[in-house]
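**Student:** Kindly return the folded structure for what I paste below:
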Amino acid sequence: MTAADAGLLSVRATALRAHVPGTVSANVEELGGRPVVLVRIDPTLRRGALDEASGATLAVAARAALEARIPLVGVLASSGADVNDGVAALHGWGTAARAIAACSGVVPILLAVTGATVSGPALLLGMADVVVLTDAASAYVVGPGAVAAFTGEQLTASSLGGPGVHRRSSGVAAAVVTDEAAAVDLLSVVLAHLPQSCDEEPPLWASDDPVDRATPEAGRVVPPTATGSYDVRDVARAVVDDGELLELWGGWAPNLVTAFATLGGRSIGIVANQPLALAGTLDIPASQKGARFVALCDAFNVSVLTLVDTPGFFPGKDLEWRGMIRHGAQLVGAYARATVPRVCVVLRKAYGGAYIVMDSKDMGNDLCLAWPSAEMAVMGAQGAVQILHRREDVETQQRLQAEYEATLLTPWVAAERGLVDAVIDPGDTRREVAAAFDALATKREVLGRRSHDNLPL
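**Tutor:** Numbers count the residues shown, from 1 in each chain. Down below sits the predicted model:
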């Protein structure tokens, strides 16, 4: 343990398999004042290679976290299976992977990557709930040498699997920080929004921010024109306690914002379309990002607030060929099976299938609110008129477009049909959402008897 870690992790540690040789150490320690099972892979010993004993230690740590119902936290840097141990090393890693998989959805799995993490150990990152990389980290399943041999493409470890790649392109990194101390510190903040296990509620936060505080600034953020851009995080900050957001995966799929915050002292997860990127449309990465975050919140009893402003799915053959149908269904499935309290607020545009996917009433949200500026329809007025009245002259089309906007493109139509529970003033958003989550605090659902669904992963 370094001096920097000493302020974050309690010195009162209970060691697991302390005398078993290998590159992995496991201890029950405190992180942010809460007990966790902390595992470390020592990169100074055989570059962190995992032999059979090291894999077994990882497995023991995961089982201890599962049985004690406390989070599993890891600090990783590993060159992969130890070639000196032969096939036994592979089985050791497989044993660890199975034990960690059993923890998923039961206790939080939080990992910090501090150096090169290669092959099998790299796959562990994909099994974690939240992964933080340091500037010195890299992670990949197949290394630059093998890539060059198979494809002829010359890559460095950084260009293949460095922190920039995993922050912007792969979505592995929820955040990138400077060093190990900063990574552990960030994981402790993430942990503060989560319970010890799925059997508990997230801890309450202390805040002096009144839940009935007016939020007129939230409405002022949104431009009067439907095509105007704004930062949806400003709306979220106006609503949550003390204006504080813990945004995760901010560099990946920036057209969708996912963040933890508190409201009335309760931890909530926020999913919001971001008009600053791709006009807030949904594409494959955004669908994956949203689905993963909603599933994380649902697993650990964190209420979900969805802020909607999307003109639809991003069009293009590339997305369709890459599986927009399958990946869009991931977001559908995540919302449809979520049982935590869910509140949806439509800020502005809510068009087509993307509107339905973003936790609309029929997706099962507990309360659907809309601002007066909300535009809820199959498509925008201009597109609808061009389809329905394409043979009319320009003047007639403009008149029909104005009529469409005034009569059909309003939240009142949806409210009359029960698809919106209330149309609220933006200044009342914090009060209304906080009251909803307060009323839903005792919500419970009885789950059906089945092993699991078979929706897209």
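
**Student:** For Gly74, see how far away the closest residue to Val141 other than its chain neighbours is.
**Tutor:** Leaving aside its chain neighbours, Val141 sits nearest to Ala122 (5.4 Å; criterion: CB to CB, 6 or more residues apart in numbering). Quick note: C-beta positions are derived from backbone N, CA and C, even for glycine. Noted for Ala122: a distance of 13 Å to Gly74, by CB to CB, to the nearest Å.

**Student:** cool, Val130 as well?
**Tutor:** With CB to CB as the criterion, Val130 and Gly74 are 11 Å apart.

**Student:** hang on, the earlier thing: next SSE after the helix or strand harbouring the residue nearest to Val141?
**Tutor:** Ala122 belongs to helix 120-127 when assigned by DSSP states H and E. Next helix or strand after helix 120-127 toward the C-terminus (DSSP H and E): strand 130-134.

**Student:** partners of the helix or strand following that following strand, with directions?
**Tutor:** Following strand 130-134 in sequence order, the next helix or strand is strand 138-140 (DSSP H and E). Its sheet considered, strand 138-140 pairs with strand 109-118 (parallel) by DSSP bridges.

**Student:** residues making contact with the strand it pairs with?
**Tutor:** Residues outside strand 109-118 that contact it (CB atoms under 8 Å, 6 or more residues apart in numbering): 43, 47-48, 71-80, 100, 103, 124-125, 127-134, 136-141, 143, 157, 179-180, 183-184, 187, 190-191.

**Student:** Only the buried subset of the residues you listed, as a PyMOL command please.
**Tutor:** To isolate the buried subset of the contacts of strand 109-118 in PyMOL, counting by 16 or more other CB atoms under 10 Å, use the following:
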select buried, resi 43+47+48+71+72+73+74+75+76+77+78+79+80+100+103+124+125+128+129+130+131+132+133+134+136+137+138+139+140+143+180+183+184+187+190+191
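
**Student:** Domain-wise, how is this protein divided?
**Tutor:** If you go by automatic domain parsing, the domain ranges for the chain are 3-192, 216-374+410-439.

**Student:** could you dump those domains to CSV with distance to Asp209 and mean pLDDT?
**Tutor:** Converted to CSV, the domains of the chain look like this (distance: least, CB to CB, whole Å; pLDDT from 0 to 100):
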stretch, distance to Asp209, mean pLDDT
domain 3-192, 17, 91
domain 216-374+410-439, 5, 94
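
**Student:** Tabulate the ones you listed (JSON lines), appending distance to Leu447.
**Tutor:** Shown next, in JSON lines, are those (distance: least, CB to CB, whole Å):
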{"stretch": "domain 3-192", "distance to Leu447": "12"}
{"stretch": "domain 216-374+410-439", "distance to Leu447": "7"}
